[in-house]
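A.B. asks: Sequence and predicted structure, then a few things I'm wondering about:
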Amino acid sequence: MMIPACRLADLPRGEAFRLDIDPPVSVFHTDDGEVFAIDDTCTHQDASLADGWLEGCEVECPLHASKFDLRTGAVDAPPARLPVRTHEVVVEDGMIYVRVSTEAPNLPPCVASRLAGGPA
């Protein structure tokens, strides 16, 4: 299923848009004009990657500076050890759509517990 995220014209280069689904997804528009989507939550602790710093095809988590490759989801700098999921992005008629991955997300324990209905 393709989920509409936002209009490409409304997402300036170098910025991110947080798609409030469960779990949330971030859409990044790089300075080079590429568009990527990854899980929004850092795999180390509960922090929004949309609030992080975008440089090239990497985003740095605003909490503890873990870095993730937007193309692969791989961790490029600790303390995170697990990758984030990547999602397919389609830009059609000026609209950004995200096809959410069917793989299980790598969420930090505090978030995984909350989503499963456990204590926060």
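C.D. replies: Yep, that arrived.
A.B. asks: What are the boundaries of the helices in the protein?
C.D. replies: Using DSSP state H, the helices of the chain run over residues 109-115.
A.B. asks: Now for it, the helix or strand with the poorest mean pLDDT.
C.D. replies: Here the helix or strand of the chain ranked lowest by mean pLDDT, DSSP states H and E is helix 109-115, holding a mean of 73.
A.B. asks: Please give me every residue in contact with residue 34.
C.D. replies: By C-beta atoms under 8 Å, 6 or more residues apart in numbering, the contact list for residue 34 reads residue 57. Every residue, glycine included, has its C-beta placed from N, CA and C.
A.B. asks: Recalculate using a threshold of 10 Å.
C.D. replies: Shown in contact with residue 34 (C-beta atoms under 10 Å, 6 or more residues apart in numbering): 13, 28, 56, 57, 70, 71, 89.
A.B. asks: likewise residue 90?
C.D. replies: Residue 90 touches 2, 35, 37, 96, 97, 98, 99, counting by C-beta under 10 Å, 6+ apart.
A.B. asks: Sketch out the low-pLDDT regions of this structure for me.
C.D. replies: When residues are selected by pLDDT under 70, those of the chain lie in 112-113, 115-120.
A.B. asks: show me where it has strands.
C.D. replies: 2-7, 15-19, 25-29, 35-39, 53-55, 58-60, 67-69, 75-77, 86-92, 95-99 (DSSP state E).
A.B. asks: Next, count neighbours for the residue lying closest to residue 2 once chain neighbours are set aside.
C.D. replies: Distances taken as C-beta to C-beta, 6 or more residues apart in numbering place residue 97 nearest to residue 2, at 4.2 Å, with adjacent residues excluded. Residues contacting residue 97 under the criterion other C-beta atoms under 10 Å number 18.
A.B. asks: gap between residue 97 and residue 48?
C.D. replies: Separation of residue 97 from residue 48 (C-beta to C-beta, to the nearest Å) stands at 21 Å.
A.B. asks: these two touch, right, residue 10 and residue 4?
C.D. replies: No - between residue 10 and residue 4 there is no contact under C-beta atoms under 10 Å: 11.7 Å.
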